[in-house]
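Trainee: Build the 3D model from these lines:
(one chain, ligands or ions: 1)
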Amino acid sequence: MLELSGISKQFGSRNILNGLNLTVPDGQTLAIVGPSGVGKTTLLRIIAGLESADAGTIAWDGQATIPEQLREQGILGVVFQGFELFPQYTVRRNITLAPTLTGATKAAADARANTLMEQLELTDQADAYPYTLSGGQKQRVAIARALALDPQVLLYDEPTSALDPALRDNVAALVNQLKQGGMTQVVVTHDMDFARSVADNVFTMPTGTEA
Ligand SMILES: Nc1ncnc2c1ncn2[C@@H]1O[C@H](COP(=O)(O)OP(=O)(O)OP(=O)(O)O)[C@@H](O)[C@H]1O
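Mentor: Coordinates of the predicted model:
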């Protein structure tokens, strides 16, 4: 279970997050929705340990935790809005890089990448470079790369924003498939239909206030 308590964040004079409390039970999918600029990405980045909160705590499995460590340990994976693939590496290398840097053998990382590419229909793109891929393919590589470390929690920032409706449905199916496998997931989206199609709970961000 992922628990956020009293999370606050201010940028300049603007309170973006004001003592926010959120709980994501194991194996559930939480969608975070709200209008542009309300702080969804900021909240996701705080959960991922990519941004620090001014106040509040985050607990994992009942223990106060530093999210950055969860990410570094591979417990928590992030799928970024712009995919943020490594342009100089092939699809396969994008997927195997983090596991090999964190101690997996090349053979084990390759085997895992093969499984993920098969599941995500990327086998034909294994040796391709990101610039040659479609938006949907890039999205799947970003998800495969996050899954390569076998996370228990997966965070997505606007996973459908670059996709047409059919691909959006594919991402929804994938999120639901991962849920069947027990994954805990947090999805930031402004797409209410997508949110409803994947989420156990939908959290609407409260709008910020001037300090
Ligand atoms: N590093 C930063 N420094 C200053 N202001 C920031 C920073 N990051 C975000 N902001 C501001 O905080 C507010 C919330 O941004 P955030 O990206 O979290 O919103 P969002 O709800 O994800 O928006 P969108 O749906 O458009 O992606 C915005 O007004 C943004 O300009």
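Trainee: Show the backbone phi and psi for Gln185.
Mentor: The phi/psi pair for Gln185 (degrees, to the nearest 10) reads phi -140, psi 140.
Trainee: scratch that, Gly6 is what I was asking about
Mentor: phi 60, psi 30.
Trainee: again with the one 5 residues further on
Mentor: Torsion angles at Phe11 (phi, psi; degrees, to the nearest 10) stand at phi -110, psi 110.
Trainee: In contact with it: list those residues for me.
Mentor: Applying CB atoms under 8 Å, 6 or more residues apart in numbering, we find Phe11 in contact with Thr42. Glycine gets a C-beta too; all of them are placed from N, C-alpha and C.
Trainee: these two touch, right, Leu178 and Gln152?
Mentor: No: with contact defined as CB atoms under 8 Å, Leu178 does not reach Gln152; the gap is 11.0 Å.
Trainee: what about the residue nearest to Val198 when sequence neighbours are not counted, helix or strand, and which?
Mentor: Leaving aside its sequence neighbours, Val198 sits nearest to Val175 (CB to CB, 6 or more residues apart in numbering; 4.5 Å). Following DSSP states H and E, the helix or strand that holds Val175 is helix 165-180.
Trainee: Distance from that helix to the middle of the chain?
Mentor: Helix 165-180 has its average C-alpha position 14 Å from the chain's average C-alpha position, going by CA atoms, centre = their mean, to the nearest Å.
Trainee: In terms of secondary structure, what does it contact?
Mentor: On a contact count with 3 or more CB pairs under 8 Å, 6 or more residues apart in numbering; DSSP states H and E, helix 165-180 meets strand 29-33, helix 135-147, strand 184-188, helix 192-198.
Trainee: what's in contact with that helix?
Mentor: With contact meaning CB under 8 Å, 6+ apart, helix 165-180 is reached by 27-29, 120, 135-136, 139-140, 143, 147, 154, 156, 159-160, 163, 185, 187, 191, 194, 197-198.
Trainee: Fine by me, we can end here.
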